[in-house]
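**Student:** A predicted structure for the sequence below; I have some questions about it.
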Amino acid sequence: MFHFKVLLLMLGVLGLSFAHIVEEPEEDPDPETDPETDPETEPETDPETDPETDPESEPETDPENEPESEPESEPQSTTRTPPTSTTPKNCNIYDRNYEWALQDCVCRCFQNGCLMKIENDQRISDGKTPLVPVSEDLCRSFINKKCSVGFPVVAEFPIPAPCGCNRLPGSIATERFYSLCHLLKYSSENTKPFLTYSYCWPI
């Protein structure tokens, strides 16, 4: 009987110790949480849009061939020389007493009446039309407005004495013109009569 009680006691102790032994379940390790790696957000770099703006190249315009302008009636060159053998000797070429006449319906200014008479006589002897004496105002209405380039001429102009005194000897200026038309136009417009003229070769 005693042995039976001892046996029960031992079984009870074993039961209690067994009840206290609790197998704690092994805690599963927390799943490794990868650090949240934010996707690298590359900075949005606007593409460099430097539009290649070629400088507007102005179209090369060929220089327009401008029509040849009519040369002015002014003389190309002027030289002063003493009186030549071509100047009339029967008249005082330095006597400024202007006369006006139409030469082939074109106005012409003369230094004086004596020189105009010599020119008229020469024209008649050469079979040309005579001069028509007119007033200055009427003569100026017959001055050519435009002259085309023709055969150049060289004319002699009387230059007054340095003192400006009328009839006193001065000098002779030789001037070159593009044509006889330019000579007559220049002479009449400027009241600058010429003594003689002659044709010359173009330069």
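**Tutor:** Cool, the structure landed.

**Student:** could you show me where the strands are in this structure, in order?
**Tutor:** 78-81, 99-103, 106-110, 132-133, 153-159, 171-177, 196-199 (DSSP state E).

**Student:** Reformat those strands into TSV and put mean pLDDT, distance to residue 10 and mean neighbour count next to each item.
**Tutor:** For glycine as for every other residue, the C-beta is placed from the backbone atoms N, C-alpha and C. Converted to TSV, these look like this (pLDDT from 0 to 100; distance: least, C-beta to C-beta, whole Å; neighbours: other C-beta atoms under 10 Å):
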stretch	mean pLDDT	distance to residue 10	mean neighbour count
strand 78-81	54	162	11
strand 99-103	98	174	20
strand 106-110	98	169	21
strand 132-133	98	178	14
strand 153-159	97	166	20
strand 171-177	96	161	19
strand 196-199	96	168	13
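
**Student:** Which one of those strands lies nearest to residue 93?
**Tutor:** Taking C-beta to C-beta, strand 153-159 is the member of the strands of the chain nearest to residue 93, at 4.8 Å.

**Student:** Put the alpha carbons of the closest one into PDB.
**Tutor:** Backbone C-alpha positions of strand 153-159 (Å, rounded to 0.1, in the frame of the first residue of the first chain) are rendered in PDB as follows:
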ATOM      1  CA  VAL A 153      34.700 118.400-128.800                       C
ATOM      2  CA  VAL A 154      37.200 120.900-127.400                       C
ATOM      3  CA  ALA A 155      36.200 124.500-127.100                       C
ATOM      4  CA  GLU A 156      38.000 127.800-126.300                       C
ATOM      5  CA  PHE A 157      36.500 130.300-123.900                       C
ATOM      6  CA  PRO A 158      37.700 133.900-123.400                       C
ATOM      7  CA  ILE A 159      38.600 134.600-119.800                       C
END
